[in-house]
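S.K.: Quick one, structure for this:
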Amino acid sequence: VGSGGGGEFAEQEVVDVLQLLRAQLQLDPEVPVSAFVILERCVQACRSAGKGKSAAASPPLLTAGSWKQLLITAVILAAKAWFDEQMWLLGVRHQLRAHFDL
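M.R.: Okay, here's the model as predicted:
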């Protein structure tokens, strides 16, 4: 994870966010795994696109300030793919509003 404001974060924070998302959205245990795969592919794509460019021209995708939003997005995308049904952002926002600023 690159430095990008917000300081560093602990692995336990990621675990806590995933547990909260699983509980609030009633997700199967496979969904967070799929979310990490999606996130890893995004990171790899950004690295590939940034090869040969200066660090300032292609800042890291995951930073201490962006990881939570990107993780939530990846979980929502993974849930949509896993359940193969419509998942409305308004419903997700309603379920998570007490926990995250969406």
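S.K.: pLDDT below threshold where in this protein?
M.R.: 1-9, 54-58, 85-87, 89, 102 (pLDDT under 70).
S.K.: Quick check, central residue of it?
M.R.: Geometric centre of the chain, nearest residue: Leu71, 1.1 Å, by Cα atoms, centre = their mean.
S.K.: Quickly find the element holding that residue.
M.R.: helix 67-83 (DSSP states H and E).
S.K.: which other residues reach the helix or strand following that helix?
M.R.: Using DSSP H and E, the helix or strand that follows helix 67-83 in sequence is helix 89-96. Here helix 89-96 makes contact (Cβ atoms under 8 Å, 6 or more residues apart in numbering) with 21, 24-25, 72, 76, 102. C-beta here means a position set from N, CA and C on the backbone, and glycine is covered the same way.
S.K.: The residue nearest to the centre of the chain: what's it in contact with?
M.R.: 14, 17-18, 35, 39 are the contacts of Leu71 under Cβ under 8 Å, 6+ apart.
S.K.: between those, which is nearest Pro59?
M.R.: Distance ranking of the contacts of Leu71 against Pro59, using Cβ to Cβ, places Leu39 first at 16.4 Å.
S.K.: give me the element the closest one is part of.
M.R.: helix 30-50.
S.K.: What helices and strands are in contact with that helix?
M.R.: helix 11-25, helix 67-83 (3 or more Cβ pairs under 8 Å, 6 or more residues apart in numbering; DSSP states H and E).
S.K.: circling back to that earlier point, buried residues in the helix holding Leu71, which are they?
M.R.: 67-68, 70-72, 74-79, 82 (16 or more other Cβ atoms under 10 Å).
S.K.: got a markdown table for the residues you listed, with distance to Gln44 too?
M.R.: Shown next, in a markdown table, are those (distance: Cβ to Cβ, whole Å):
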| residue | distance to Gln44 |
| --- | --- |
| Trp67 | 16 |
| Lys68 | 20 |
| Leu70 | 14 |
| Leu71 | 16 |
| Ile72 | 20 |
| Ala74 | 13 |
| Val75 | 19 |
| Ile76 | 20 |
| Leu77 | 16 |
| Ala78 | 17 |
| Ala79 | 22 |
| Trp82 | 21 |
